[in-house]
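pasting the sequence and the predicted model now:
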Amino acid sequence: MSNADTFIHLFAGGVGGTVGAIVTCPLEVIKTRLQSSSSEIHYSAVRSLRTASSNAGCNANHMYFTPEMNWNVYYHHQQCSSVNSRLAVFPEAVLPWPASSAQPKGALSCFRHLIDQEGCRALFKGLGPNLIGVAPTRALYFCTYSTAKRKFNQILTPDSHMVHMFSAGSAGFVSCTLTNPIWFVKTRLQLNRNQNVTAWQCISNIYRSQGIVGFYRGITASYFGISETIIKFVLYEYLKATLQQWRESQTDCPLGGNYQAMDYMIAGAISKTVACGVSYPHEVVRTRLREENSRYRGFFQTLHTVFREEGHRGLYRGLSTQLVRQIPNTAIMMTTYEATVYLLNSLVNDKRYVASE
């Protein structure tokens, strides 16, 4: 791969990721809030805990706030030791939704709560680190993917599923390892309900309390998430090739232009939906590991704890929001990437043609 080709894939990947991140940032914030442990309490259990606390003579003023569940969950103080639970809930004023609700609400109520309590700016929390991270992440990913694909095509059957699988796995590993600190800070900012906390303050707090290692919490879950990347790209390449072959076989079916862009969007949306549905639990685990003062310690421990306490629904919390976000995000990103590669290749080829004359 020439230096020009490498630059084209780096630049196109960065542009595609940036455009997708800006458009879908509000859904990213809502998804992260829903994935966090602060959304796990069912309000039928909330009322039971209040009754138990009252029967035990527990005063709400003795309930201490735990940042780990920084919306609605508190550890019992010594006066509450007779209550058969480690959790108690503070008065309704601090709850994300009315305590009269029988069940926790979903994405729409989370959206309304963000607007009412934190303002419209809250929908774009973490956008700074997101934009800082998405360009190098996507650039590294697409550059590694295209380079690995060229190498594996020389070893394995060209453009086979194995080539796409190993290429996507290599790209995912490189991008996860190098950019995990950026995504860690982004998640912390999105979970933080203090409007005055800046990215630099967040970075300083993490470094002071956990050191450099703290920025790599959740990276194991990210490595498990490479399976999503592999599924997505293998399926994307297959669907893209299938759609192109179908259009070529149809004599009355237009080729190129808007129709080719539509094929990229369809392939990107379908591949991401399937991949996300199969591997989504790693996203919940990663968010829990990145919470401040989290009681979660490792990938499998977190996976087991969430399943034991919340069931299979807990492992798929926020999935609908993730799909709503990822389908347009992936479609926009892949279409922008392919279009940028096409435009830059055309520009380079035109310059080479002029230079040769």
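Cool, the structure landed. Numbers count the residues shown, from 1 in each chain.

please report how far G17 lies from V278.
For G17, the distance to V278 (C-beta to C-beta, to the nearest Å) stands at 22 Å. Any C-beta I mention is one placed from the backbone N, CA and C, and that applies to glycine too.

neighbour count winner among the two?
The neighbour comparison of G17 against V278 (other C-beta atoms under 10 Å) goes to G17, with 26 against 12.

need the three-state assignment for the more buried one.
helix (DSSP: H, G, I helix; E, B strand; the rest coil).

what sits against the closest residue to V19 other than its chain neighbours?
In space, and not counting its chain neighbours, V19 is closest to T336: 5.1 Å by C-beta to C-beta, 6 or more residues apart in numbering. Contact analysis of T336 by C-beta atoms under 8 Å, 6 or more residues apart in numbering lists 12, 15-16, 19-20.

now those as CSV including pLDDT and distance to Q190?
Below are those laid out as CSV (pLDDT from 0 to 100; distance: C-beta to C-beta, whole Å):
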residue, pLDDT, distance to Q190
A12, 83, 27
V15, 83, 23
G16, 81, 22
V19, 82, 20
G20, 81, 17
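
which one of these sits in the busiest neighbourhood?
Neighbour counts for the contacts of T336 (other C-beta under 10 Å) peak at G16, which has 27 neighbours.

want to throw the contacts of T336 into JSON lines with distance to T187?
JSON lines is the format used below for these (distance: C-beta to C-beta, whole Å):
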{"residue": "A12", "distance to T187": "26"}
{"residue": "V15", "distance to T187": "24"}
{"residue": "G16", "distance to T187": "22"}
{"residue": "V19", "distance to T187": "21"}
{"residue": "G20", "distance to T187": "18"}
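
tell me which residues in the helix ranked longest in the chain are buried?
In the chain, taking DSSP state H as the definition, the longest helix is helix 319-356. Neighbour counts over helix 319-356 (16 or more other C-beta atoms under 10 Å) mark 319, 321-323, 325-341, 344 as buried.

quick check: V306 touching L289?
No - the pair V306 / L289 is not scored as a contact, 10.8 Å apart, by C-beta atoms under 8 Å.

low-scoring stretches of the stretch 1-150 of the chain, by residue?
Applying pLDDT under 70 to the stretch 1-150 of the chain flags the ranges 1-2, 38-105.

quick one, strands of it?
64-65, 74-75, 87-88 (DSSP state E, counting those that start in this stretch).

run a quick neighbour tally on A168.
Neighbours of A168 (other C-beta under 10 Å): 27.

SS state for it?
Note that with three-state DSSP, the state of A168 is helix.

could you check how far it is from V174?
From A168 across to V174, the span is 11 Å (C-beta to C-beta).

same deal with R295?
Separation of R295 from V174 (C-beta to C-beta) stands at 31 Å.

more neighbours: which of those two?
A direct count of neighbours by other C-beta under 10 Å for R295 and V174 places V174 higher, at 18 against 13.

so E237 touches H164, yeah?
Yes - in this structure, E237 is within contact of H164 by C-beta under 8 Å, at 4.8 Å.

tell me where the model's unsure across the stretch 251-357 of the chain.
251-259, 351-357.

90 instead?
Across the stretch 251-357 of the chain, the ranges flagged by pLDDT under 90 are 251-273, 275-279, 283, 287, 289-298, 306, 309-357.

domain ranges for this protein, per the record?
Domain ranges of the chain: 3-40+123-356, 43-103, per automatic domain parsing.

what's the most buried one of those domains?
Greatest average neighbour count among the domains of the chain goes to domain 3-40+123-356 (a mean of 18), per mean count of other C-beta atoms under 10 Å.

what about the helices in the stretch 101-250 of the chain?
Using DSSP state H, counting those that start in this stretch, the helices assigned to the stretch 101-250 of the chain run over residues 107-113, 127-155, 161-191, 199-210, 219-224, 226-249.

mind putting those in JSON lines, distance to Q35 included?
Below are these laid out as JSON lines (distance: least, C-beta to C-beta, whole Å):
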{"stretch": "helix 107-113", "distance to Q35": "11"}
{"stretch": "helix 127-155", "distance to Q35": "16"}
{"stretch": "helix 161-191", "distance to Q35": "9"}
{"stretch": "helix 199-210", "distance to Q35": "18"}
{"stretch": "helix 219-224", "distance to Q35": "11"}
{"stretch": "helix 226-249", "distance to Q35": "15"}
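
nearest to I270, out of those helices?
Ranking these by their distance to I270 (criterion: C-beta to C-beta) puts helix 226-249 first, at 6.0 Å.
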